[in-house]
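In: Need the 3D shape of this:
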Amino acid sequence: MPRTVLRHGYDDIISVENLLAAWAEFLRGKRTKRDIQEFGRPLMRNVLALHRELADGTYRHGP
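Out: From the prediction side, this is the model:
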């Protein structure tokens, strides 16, 4: 049986499109939480900042 090999590079994984898709999936059942609403208000600004930090290696996970 042939083995499936996925070929997604880091740039594909951290693409803005992929980050937005991950956000949409993450939202399920969490829309009423305050911190989720605060992140979502300026969503594109936050996603673009996250993308930039992931791309240049400066992202640091916070509390």
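In: which phi and psi does the residue nearest the centre of the chain have?
Out: The residue lying closest to the centre of the chain (Cα atoms, centre = their mean) is Leu19, at 3.1 Å. For Leu19, the backbone dihedrals (degrees, to the nearest 10) come out as phi -60, psi -40.
In: Which pLDDT value belongs to it?
Out: Looking at Leu19, its pLDDT is 97.
In: Which helix runs longest in this structure?
Out: helix 43-56 (DSSP state H).
In: What's the mean pLDDT across it?
Out: For helix 43-56, mean pLDDT is 97.
In: May I see the buried residues of that helix?
Out: Val47, Leu50, His51, Leu54 (16 or more other Cβ atoms under 10 Å). For glycine as for every other residue, the C-beta is placed from the backbone atoms N, C-alpha and C.
In: can you list contacts of it?
Out: Residues outside helix 43-56 that contact it (Cβ atoms under 8 Å, 6 or more residues apart in numbering): Asp11, Ile14, Ser15, Val16, Leu19, Leu20, Trp23, Phe39, Tyr59, Arg60.
In: tell me how far it is from the chain's mean position?
Out: Centroid separation for helix 43-56 versus its chain: 8 Å, with Cα atoms, centre = their mean, to the nearest Å.
In: okay, now the residue lying closest to Arg31 once chain neighbours are set aside: neighbour count?
Out: Here the nearest residue to Arg31 in space, its sequence neighbours aside, is Gln37; by Cβ to Cβ, 6 or more residues apart in numbering that works out to 7.5 Å. Neighbourhood size, Gln37 [other Cβ atoms under 10 Å]: 11.
In: For the helix or strand containing Gln37, which outside residues touch it?
Out: Per DSSP states H and E: Gln37 is located in helix 34-40. Residues outside helix 34-40 that contact it (Cβ under 8 Å, 6+ apart) are Trp23, Leu27, Lys30, Arg31, Asn46.
In: Counting neighbours, which bits of that helix end up buried?
Out: Result for helix 34-40 [16+ other Cβ under 10 Å]: no buried residues.
In: one step back: list just the nearest of the buried residues of helix 43-56 to Arg3.
Out: Closest approach between the buried residues of helix 43-56 and Arg3, by Cβ to Cβ: Leu54, at 28.6 Å.
In: Perfect, that will be all.
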